[in-house]
Each structure stands twice: as C-alpha cells, then as structure tokens.
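Trainee: Give me coordinates for this.
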Amino acid sequence: MEAETRKDTDILRIKKMFPALPLMFISYFDERYYGSRFLASSKPGAKPDRSLTKATCIEHFMTRGLEKGLPFREGFHFDRAFYATTYLHRPDMPLEEAYRHYVTVGMISDRFPNAKRYIENRLGHSLAFASAEVALPLAPVDPAVERFPERLDAMINLIGDESVQIEIDDASAAFVLAVALYHRNRNEWPKAFIAIQKLLRCVPDYEPAYPHYAELLEKTGVYPVSRAYYDRALATADETKRGYYSLKIRHCDHMMAAG
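Mentor: Below you'll find the model as predicted:
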C-alpha cells in the first residue's frame with residue numbers, strides 16, 4: 001500500500017512538472033535503468049542511491065537527457081533523422097525538439113523512434129534484427145520516391161520481383177531474409193523463393209538463410225537440393241534445432257527414394 005502511494009505521488013509530481021508527458025511514457029520509462037546508467041555514482045563500491053525516484057530520473061531526462069539523446073530504457077534508440085524526416089517532414093529538426101515530440105506525441109500515436117523498429121513492424125516481425133541499425137540493399141527505387149515508408153515498400157516489392165536485380169552484401173543480407181520470411185508468412189511463396197534466391201546468389205555463405213531456403217525447396221518438391229541445404233543448416237545448428245533438421249533430412253531421403 002505504501003509503495004502504491006509513493007508511486008501515485010511520483011506520477012503526480014511528474015505530471016505537475018511536465019503536463020504534456022503522457023502516462024504511457026511515464027509507465028514505460030525505466031528509472032532503474034536510467035538512474036543507474038546516467039545518475040548513479042560510478043565510484044567502486046558505491047551504494048544504490050534510493051533518492052533516484054522515477055520523478056527524479058524523468059526530470060533529469062526532460063531537462064538534460066533529451067538534448068543528448070539518452071535512452072530511457074535498455075535497448076531503446078532514438079534516431080533523430082529518421083523520426084524528423086518520416087513523421088514531421090523536417091530533416092533539420094534539432095535532436096531535443098524531435099525527441100521531445102516523440103515522448104509527448106509520437107509514442108501514443110504509434111510512431112516509431114527508429115528505422116529498425118519501423119522495418120520490423122512493417123515486415124510483421126518476421127525477423128528480429130540483431131544490430132541497432134538495419135542495412136538495406138542497393139535497389140533501383142525511383143528517386144522521385146523520397147519518404148522512407150514509400151521507399152521501403154518499393155524495395156520490398158523489387159526484392160520479390162524476378163526481373164529486378166538487387167545488390168546484396170553481408171550487411172544487408174538480414175533485411176532481405178526478413179523480406180523473404182515476410183512473404184512466406186503471407187503464403188506468397190513465389191516472392192519468398194525469389195527473395196532467398198537473390199540473397200544466396202549474392203551472399204552464398206549466409207547461413208541463417210539455409211533452413212528457410214531448404215523449406216521452400218521442400219515445398220516445391222526439389223528434395224535433393226532441399227536436403228543439401230538442410231544438411232548445411234545441420235552442420236552449424238545448436239542442440240535445439242539439430243533434431244528437427246535431421247528429421248527433415250530423413251524426410252527428403254524418403255521422398256527421393258519413393259521417386
């Protein structure tokens with residue numbers, strides 16, 4: 001009961017200091033992460049500072065953290081250029097102004113703080129990207145298409161188009177695989193097949209694509225090549241996947257033997 005009272009008091013203090021802050025942001029703000037990362041003493045053996053309440057941390061964030069682009073929870077990243085250009089049509093907007101708009105307006109309007117989050121959502125979370133930024137391949141997108149959402153849609157369509165050549169490298173391979181899985185999840189098998197073929201043609205040693213290519217080959221009845229890719233996937237698989245790939249290899253063997 002006492003803890004709930006302190007929490008309510010903290011929220012009232014925050015709303016009094018910053019009336020424009022929505023409750024959604026206040027709830028999402030991680031004071032433990034922010035306080036220990038940006039406000040706590042860095043001296044060895046220092047005890048946790050119990051005065052670092054959510055109100056104290058948010059006050060620091062709003063008065064000093066915004067202008068520096070500090071994250072308000074672990075793993076969060078705000079991309080000024082992406083947000084200002086995509087949603088506000090102001091490429092030169094200062095960091096503090098763009099970030100303030102996100103925490104007061106953008107978050108509750110389901111706007112994304114960076115291109116990675118936008119791409120993951122657009123592709124139905126078909127793949128979680130490991131890196132903070134997502135590299136895109138070189139594709140002949142019409143220069144007249146300037147906004148990121150429209151350029152991304154155009155690129156997704158071009159990757160699944162058999163007649164269009166795409167330049168894919170190690171950095172952009174994860175994005176192309178995500179596009180392939182997006183098409184697969186939508187039962188757009190020809191587009192998924194084309195996307196992975198383009199990927200492996202440019203980056204033949206991209207191991208994360210092996211089991212997915214094997215699956216597509218298996219569905220089309222190309223069992224010898226499917227088996228070969230399941231075998232490649234098995235060679236580097238962890239224990240949680242080895243049994244599944246071994247089962248798939250036996251299935252391909254059975255289908256080939258059956259003629």
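Trainee: those helices in the stretch 151-259 of the chain, which residues are they?
Mentor: Secondary structure of the stretch 151-259 of the chain (DSSP state H, counting those that start in this stretch): helices at 173-185, 189-202, 210-219, 223-236, 239-257.
Trainee: any low-confidence regions in the protein?
Mentor: Residue ranges of the chain with pLDDT under 70: 1-6, 41-51.
Trainee: Domain ranges for it, per the record?
Mentor: For the chain, the structural domains run 2-113, 116-257, going by automatic domain parsing.
Trainee: Reformat these as a markdown table; add mean neighbour count.
Mentor: The C-beta positions use only the backbone N, C-alpha and C, and glycine is treated the same way. Supplementary listing: these in a markdown table, determined by neighbours: other Cβ atoms under 10 Å:
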| stretch | mean neighbour count |
| --- | --- |
| domain 2-113 | 15 |
| domain 116-257 | 17 |
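Trainee: re the thing from before, could you export the helices of the stretch 151-259 of the chain as TSV, including distance to residue 26?
Mentor: Listed next are the helices of the stretch 151-259 of the chain as TSV, based on distance: least, Cβ to Cβ, whole Å:
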stretch	distance to residue 26
helix 173-185	33
helix 189-202	41
helix 210-219	41
helix 223-236	45
helix 239-257	39
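Trainee: Any idea which of the ones you listed gets closest to residue 11?
Mentor: helix 173-185 (38.1 Å; Cβ to Cβ).
Trainee: Tell me what angle that closest one forms with helix 189-202.
Mentor: Interaxial angle of helix 173-185 relative to helix 189-202 (axes from the mean of the first three to the mean of the last three Cα atoms, to 10 degrees): 160 degrees.
Trainee: Quick check: which helices or strands does helix 173-185 pack against?
Mentor: Using 3 or more Cβ pairs under 8 Å, 6 or more residues apart in numbering; DSSP states H and E, the elements in contact with helix 173-185 are helix 115-122, helix 148-159, helix 189-202, helix 210-219.
Trainee: Redo those as CSV? Include distance to residue 73.
Mentor: Below are the helices and strands packed on helix 173-185 laid out as CSV (distance: least, Cβ to Cβ, whole Å):
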stretch, distance to residue 73
helix 115-122, 13
helix 148-159, 24
helix 189-202, 33
helix 210-219, 32
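Trainee: Mind checking these for the one nearest to residue 20?
Mentor: For these, proximity to residue 20 was assessed by Cβ to Cβ; helix 115-122 is nearest, at 22.5 Å.
Trainee: Tell me how far that closest one lies from the chain's centre.
Mentor: Distance of helix 115-122 from its chain centroid, counting by Cα atoms, centre = their mean, to the nearest Å, is 5 Å.
Trainee: now swap in stretch 98-116 and tell me
Mentor: Remark: stretch 98-116 is offset 15 Å from the chain centroid, using Cα atoms, centre = their mean.
Trainee: Show me the contact partners of that stretch.
Mentor: Contact partners of stretch 98-116, identified using Cβ atoms under 8 Å, 6 or more residues apart in numbering, comprise 20-22, 24-25, 28, 62, 66, 69, 72, 76-80, 82-84, 87-88, 90, 118, 121, 129, 131-134, 148.
Trainee: Great, nothing more from me.
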